[in-house]
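> Below: sequence and its predicted model.
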Amino acid sequence: MGSVDDYIITELGADYIFPNPRHASDEGLLAFGGDLSTTRILKAYRKGIFPWYNADDPILWWSPNPRALLFARNFKVSKSFAKTIKSGLFEVKFDHDFSSVIKACATTPREGQHGTWILPEIQEAYKELHEMGYAHSVESYIDGKLVGGLYGISMGKAFFGESMFSWHSDASKIALRALSEVLEKNGYDFVDCQLPTDHLMSLGATEVNRDDFLDLLKVTLQKPSIIGSWQHFKWRFDDGK
């Protein structure tokens, strides 16, 4: 594959039409501009595309190759993490405090990163998607205090993970473990983790060629979505189920 300079980066108009991600560079940048309307964002996810940009950039749209997917059956539980699960230290809730989770993801310092791509307009767009029943949060609590979590979008039988934060050891990992098991029970196919990282790979995420991911996406989007509040989802800690 050539460099991103060898590929056409499309400027989006008002029609919500995205270029074919199969023709993007491996880096994945394929379009810029447009807006963050809920219609455009949902259209993007249905094509395997997501927004990701810095404060001084135009809105940038990506579909990288390879893609990182987490299948529940592949989630790796170390001996120490298994003890944490069984300890009952954490309580996990779904969709109880989406606003606090996305704000924490935006403001929690990360090693090697300066600033955040989860800008105020991104937060507002995903809050609206949450109110519509597409965006969801998974929250970890200790003694009733929020200490970690994640958020993302659900369509078909796929969950598109966006970001995680942790203010206590294993807090975000517990949230991801709970999410993966609850989704598996509800017939979900995978969690899209977008970009491979050492942390995600250590938890069992798999690198998948973009074309294969888009094929999987097409199939899963034909399955019924669970739209609306997920507050009824529960995860028991006494046996990890």
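Looks like it arrived, so ask away.
> Do a quick rundown of the strands in the chain.
10-12, 29-33, 50-51, 60-62, 67-70, 91-94, 135-142, 145-155, 158-166, 190-194, 206-208 (DSSP state E).
> Ignoring the adjacent residues along the chain, who's closest to Val182?
Of all residues not flanking Val182 in the chain, Phe233 sits nearest, at 5.1 Å (CB to CB, 6 or more residues apart in numbering). Any C-beta I mention is one placed from the backbone N, CA and C, and that applies to glycine too.
> is it true that the one you found touches Lys185?
No. If you go by CB atoms under 8 Å, Phe233 and Lys185 don't touch, sitting 9.0 Å apart.
> Which residue of those two possesses the greater neighbour count?
Neighbour count, other CB atoms under 10 Å: between Phe233 and Lys185, Phe233 has more, with 19 against 12.
> domain assignment for this protein?
What automatic domain parsing lists as the domains of the chain is 4-65, 68-220.
> how far does the shortest one sit from the chain's center?
A distance of 16 Å separates the centroid of the chain from that of domain 4-65, by CA atoms, centre = their mean, to the nearest Å.
> same check, this time on the last one
Domain 68-220 has its average C-alpha position 6 Å from the chain's average C-alpha position, going by CA atoms, centre = their mean.
> Quote the end-to-end distance of it.
16 Å (CA to CA, to the nearest Å).
> Ok, stretch 197-217 next?
21 Å.
> List of residues touching it?
Residues outside stretch 197-217 that contact it (CB atoms under 8 Å, 6 or more residues apart in numbering): 21-22, 24, 26, 28, 46-48, 63-71, 74-76, 156, 158, 173, 176, 189-190, 192-193, 196.
> Show me the helices in the chain, by range?
Using DSSP state H, the helices of the chain run over 38-46, 79-87, 98-107, 120-132, 171-185, 198-202, 210-220.
> which other helices and strands contact the first one?
If contacts are counted by 3 or more CB pairs under 8 Å, 6 or more residues apart in numbering; DSSP states H and E, helix 38-46 sits against strand 50-51, helix 120-132, strand 145-155.
> how deep is Ser166 tucked in, by neighbour count?
18.
> In contact with it, which residues?
For Ser166, the contacting residues are 108, 140, 147-148, 172-173, by CB under 8 Å, 6+ apart.
> Which among those count as buried?
Buried members of those, counted by 16 or more other CB atoms under 10 Å: 140, 147-148, 172-173.
> And the furthest pair within these?
Greatest spacing in the buried ones among the contacts of Ser166, by CB to CB: Val147 and Lys173 (11.7 Å).
> ok so, going back, make CSV from the contacts of Ser166 and add pLDDT to it.
Rendered in CSV, the data for those read as follows (pLDDT from 0 to 100):
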residue, pLDDT
Thr108, 93
Ser140, 97
Val147, 98
Gly148, 98
Ser172, 95
Lys173, 95
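> Pull out the buried residues from the helix or strand of the chain with the lowest mean pLDDT.
None of the helices or strands of the chain scores lower by mean pLDDT, DSSP states H and E than helix 79-87, at a mean of 89. By neighbour count on 16+ other CB under 10 Å, the buried set for helix 79-87 is 81, 84-85.
> do the same with stretch 102-112
Result for stretch 102-112 [16+ other CB under 10 Å]: buried residues 102-106.
> now swap in stretch 180-188 and tell me
Within stretch 180-188, the residues scored as buried using 16+ other CB under 10 Å are 180-184, 188.
> just stretch 49-67 next, same as before
Using 16+ other CB under 10 Å as the test for burial, stretch 49-67 gives 49-53, 59-67.
> Which pair of those spans the longest distance?
Farthest pair in the buried residues of stretch 49-67, by CB to CB: Ile59 and Pro66, 23.7 Å.
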